[in-house]
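Q: predicted model follows, preceded by the sequence.
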Amino acid sequence: MSFVCLWSPAWRTVGALPPSHPPLPEIAATLLARAPRVAIGKVGNQGVIWADAHGFSVHGKAALAAELIVMLERRGITGQHQVHAGVADTPVAAQLAAVHGASGRRQLVVVPPGTDRAYVALFPLTTLNHDPRLRPLFFGIGVTTCGELAALDRESIEVRLGAQSVPLWRLARADDPRLIFSSAPPDAPHASLDWVEYALRDPMRLLFVLNNLIERVCTTLATTG
């Protein structure tokens, strides 16, 4: 998978958007004109918008994110509320790139494919919005960055910090199991035929082809119950 994460300082508190700011669901619906799938998410109390970049080339992912930024700017989300975007193979890396990596004039950060773990390792643990009760435990073992946490093995994490720290350890390793988008509906049964004869004079031949295609669809339906 590949993800585009969009974030604006205006979305720091999801339930307290500026009066002139369009609602996030309305914004997300606008982005569907360009992105195949869009979802609204939360990072702590902050709102983010996710766009599906699966199947795009590296250049295509960056171009998609840039287009989405432009679309949001046309909706008036500019200035101090300008949109930042992060592109990565995993949600956590895309989120960190958008919220903490992009700033000022640099509105877009693209994490090169296959480098998500190394990118996440650069950030302090506080950027992962973990339970504050875990902070003294991490401080006690001298762990302050995602990279330092990711370097530990799971067994030592569970023994020293408890099972509740394992999800954070996974995120620090760019192992993000979150289901950002709902499952795509399965393809409807279908059948097709490449037609190479452009002249058709006998309608019975067309009827034969149609019956064959219908039979294939019916077979698929019977197989799936």
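A: That came through fine.

Q: need the contact list for residue 147.
A: 120-122, 172 (Cβ atoms under 8 Å, 6 or more residues apart in numbering). C-betas here are computed from N, CA, C, even on glycine.

Q: longest helix in the chain, please.
A: When the chain is parsed with DSSP state H, its longest helix is helix 203-223.

Q: what are the boundaries of the strands in the protein?
A: For the chain, the strands defined by DSSP state E cover 3-7, 38-43, 46-52, 84-88, 108-110.

Q: so how far is the fourth one from its chain's centroid?
A: Okay, so that is strand 84-88. For strand 84-88, the separation from the chain centroid amounts to 9 Å (computed by Cα atoms, centre = their mean, to the nearest Å).

Q: now swap in the shortest one and tell me
A: Computed by Cα atoms, centre = their mean, the chain-centroid distance of strand 108-110 equals 14 Å.

Q: for the chain, give me the ranges with low pLDDT.
A: 12-22, 79-80, 104, 183-187, 195-198 (pLDDT under 70).

Q: again, only using 50
A: The chain contains no residues with pLDDT under 50.

Q: follow-up on the earlier one: ok, of the contacts of residue 147, which come out buried?
A: By neighbour count, with 16 or more other Cβ atoms under 10 Å, the contacts of residue 147 hold 120-121, 172 as buried.

Q: between the strands of the chain, which one is nearest to residue 161?
A: Comparing the strands of the chain by their distance to residue 161 (Cβ to Cβ), the top pick is strand 38-43, with 22.1 Å.

Q: could you dump that closest one to PDB, C-alpha only?
A: Provided in PDB are the C-alpha atoms of strand 38-43 (Å, rounded to 0.1, in the frame of the first residue of the first chain):
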ATOM      1  CA  VAL A  38     -10.300   9.000   0.900                       C
ATOM      2  CA  ALA A  39     -10.800   8.700   4.600                       C
ATOM      3  CA  ILE A  40     -10.800  11.000   7.600                       C
ATOM      4  CA  GLY A  41      -8.600  10.000  10.600                       C
ATOM      5  CA  LYS A  42      -7.400  11.300  13.900                       C
ATOM      6  CA  VAL A  43      -3.900  11.600  15.400                       C
END
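
Q: fine, thanks again, bye for now.
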